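Enquirer: Build me a model:
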Amino acid sequence: MTTVAASPSAFQRRQVAVDNILIHVVEHGDPARPATLFLHGWPQDWSAFERVMLAMGEGRHLVAIDLPGIGLSEGGLPTSDKRTIARCVRQLVDVLHLREVTLVGHDVGAQIVFAYLHLFADDVSRAVLMNAAVPGIDPWSQVMRSPKAWHVGFHAVPELPDLLVAGHQQRYFDHFFTGQSARRDGVSAAARAHYAKAYERPLALHTGFEWHRSFEQDERDNVQVRDHKVDTPVLYLRGQRETGLVDDYLKGLRAAGLQNVRGSLISDAGHFAPDEQPAAVAEAIGRFIGALPAAAAREWPAGVPHRAAR
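Expert: Sure, this is the predicted structure:
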């Protein structure tokens with residue numbers, strides 16, 4: 001695991017009102033520069049990108065948020081489908097006056113970025129999807145048939161996951177952090193404790209499960225826009241040790257309308273690549289947006305086949 005020292009004083013924090021809720025916003029770098037906006041996944045909060053932001057330096061406006069209902073964000077959205085969340089993110093972009101925005105989403109955050117691209121493609125300079133399958137987009141059905149996706153069905157059950165996991169968040173989340181990382185300690189003990197705290201409120205825990213409960217709606221929404229063409233440059237990032245073939249994801253995204261998508265692997269990382277290898281993730285994103293000269297991960301242009309380690 002690559003070490004990037006944390007420096008809390010490097011970040012500016014504020015609560016921003018959007019659509020009658022408060023979004024916890026964390027910023028780093030120069031607000032006058034083009035913006036990179038990070039959207040975390042489950043079961044994490046903004047700090048999944050903390051060391052990535054530090055590694056990218058101060059030459060860009062870097063912004064991470066707690067998604068509605070999670071962590072220090074207050075209040076929740078009426079529904080948890082990814083289109084609704086994407087619209088909320090779009091309002092936040094306006095309120096913050098972000099310019100030349102690159103959207104970066106991990107896990108559920110990547111599903112939100114996908115929805116955003118089909119809703120507001122003209123407002124995005126570039127986008128990065130990390131470690132995610134997108135509902136309704138190949139190889140979604142194959143991923144859902146895997147035993148490793150057992151939790152999706154469990155989370156979809158109304159009320160029961162909330163009841164059983166409440167008070168045991170850290171032990172429950174540990175199962176995923178340990179089993180889906182390239183190394184058992186890929187997500188540190190301190191980070192695990194922090195993520196558990198971000199979901200300790202009933203609303204936060206419920207919101208995380210509702211993201212999964214909305215997958216059927218997300219599938220319908222995503223299938224409807226398959227013929228909508230998006231020319232925005234997109235990078236699909238994946239931990240090299242995560243199960244699956246990167247080619248399958250690139251093929252599915254292209255068939256779903258993303259015309260300019262390429263893939264890159266992060267060495268010695270599994271599903272939680274921003275935690276496991278923050279410097280490598282920062283460098284891969286930096287190269288993609290033109291902020292850094294070198295790449296820590298191999299990158300393939302669109303159409304050139306490559307395979308991830310199983």
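
Enquirer: end to end, how far does stretch 159-170 reach?
Expert: 19 Å (C-alpha to C-alpha, to the nearest Å).

Enquirer: before we move on, what about stretch 118-131?
Expert: 19 Å.

Enquirer: And it, what's buried?
Expert: By 16 or more other C-beta atoms under 10 Å, the buried positions in stretch 118-131 come out as His118, Leu119, Phe120, Ala121, Val124, Arg126, Ala127, Val128, Leu129, Met130, Asn131. Glycine gets a C-beta too; all of them are placed from N, C-alpha and C.

Enquirer: Same question for stretch 224-234.
Expert: Under 16+ other C-beta under 10 Å, the buried positions of stretch 224-234 are Val225, Val230, Thr232, Pro233, Val234.

Enquirer: need the contact list for the nearest residue to Gly186 once chain neighbours are set aside.
Expert: Once flanking residues are discounted, Gly186 sits nearest to Glu276: 4.0 Å by C-beta to C-beta, 6 or more residues apart in numbering. Residues near Glu276 by C-beta atoms under 8 Å, 6 or more residues apart in numbering: Met1, Ser181, Ala182, Arg183, Gly186, Val187, Gly239, Ile266, Asp268, Ala269, Gly270.

Enquirer: if we go to 6 Å?
Expert: Neighbouring residues of Glu276 by C-beta atoms under 6 Å, 6 or more residues apart in numbering: Met1, Ser181, Ala182, Gly186, Ala269.

Enquirer: Columns secondary structure and pLDDT on top of the residues you listed, output as JSON lines?
Expert: Shown next, in JSON lines, are the contacts of Glu276 (DSSP: H, G, I helix; E, B strand; the rest coil; pLDDT from 0 to 100):
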{"residue": "Met1", "secondary structure": "coil", "pLDDT": "41"}
{"residue": "Ser181", "secondary structure": "coil", "pLDDT": "97"}
{"residue": "Ala182", "secondary structure": "coil", "pLDDT": "97"}
{"residue": "Gly186", "secondary structure": "coil", "pLDDT": "97"}
{"residue": "Ala269", "secondary structure": "coil", "pLDDT": "98"}
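
Enquirer: wait, which of those residues is closest to Leu250?
Expert: For the contacts of Glu276, the residue nearest Leu250 by C-beta to C-beta is Ala269; the value is 18.1 Å.

Enquirer: State the pLDDT value of the closest residue to that closest one other than its chain neighbours.
Expert: Leaving aside its chain neighbours, Ala269 sits nearest to Gly239 (3.5 Å; criterion: C-beta to C-beta, 6+ apart). What the model reports as pLDDT for Gly239 is 96.

Enquirer: So what pairs up with Gly239 in the strands?
Expert: Beta-bridge pairing of Gly239 under DSSP bridges involves Ile266.

Enquirer: Distance-wise, check it relative to Val26.
Expert: 24 Å (C-beta to C-beta, to the nearest Å).

Enquirer: do the same with Leu129
Expert: For Leu129 relative to Val26 (C-beta to C-beta), the value is 21 Å.

Enquirer: Gln180 too?
Expert: 25 Å.

Enquirer: now swap in Ala190 and tell me
Expert: For Ala190, the distance to Val26 - C-beta to C-beta - is 17 Å.

Enquirer: Buried ones in stretch 47-59, by neighbour count?
Expert: Ser47, Ala48, Phe49, Glu50, Arg51, Val52, Met53, Leu54, Ala55, Met56, Gly57.

Enquirer: can you give me how far that stretch is from the chain middle?
Expert: Chain-centre distance of stretch 47-59: 14 Å, with C-alpha atoms, centre = their mean, to the nearest Å.

Enquirer: did I read that right, Pro158 in a helix?
Expert: No - using DSSP: H, G, I helix; E, B strand; the rest coil, the assignment for Pro158 is coil, not a helix.

Enquirer: and it, how many neighbours does it have?
Expert: Applying other C-beta atoms under 10 Å, we find 9 residues neighbouring Pro158.

Enquirer: What are the boundaries of the helices in the protein?
Expert: Secondary structure of the chain (DSSP state H): helices at 50-56, 82-96, 108-120, 140-145, 150-156, 160-165, 169-179, 189-198, 202-213, 215-224, 246-255, 273-276, 278-289.
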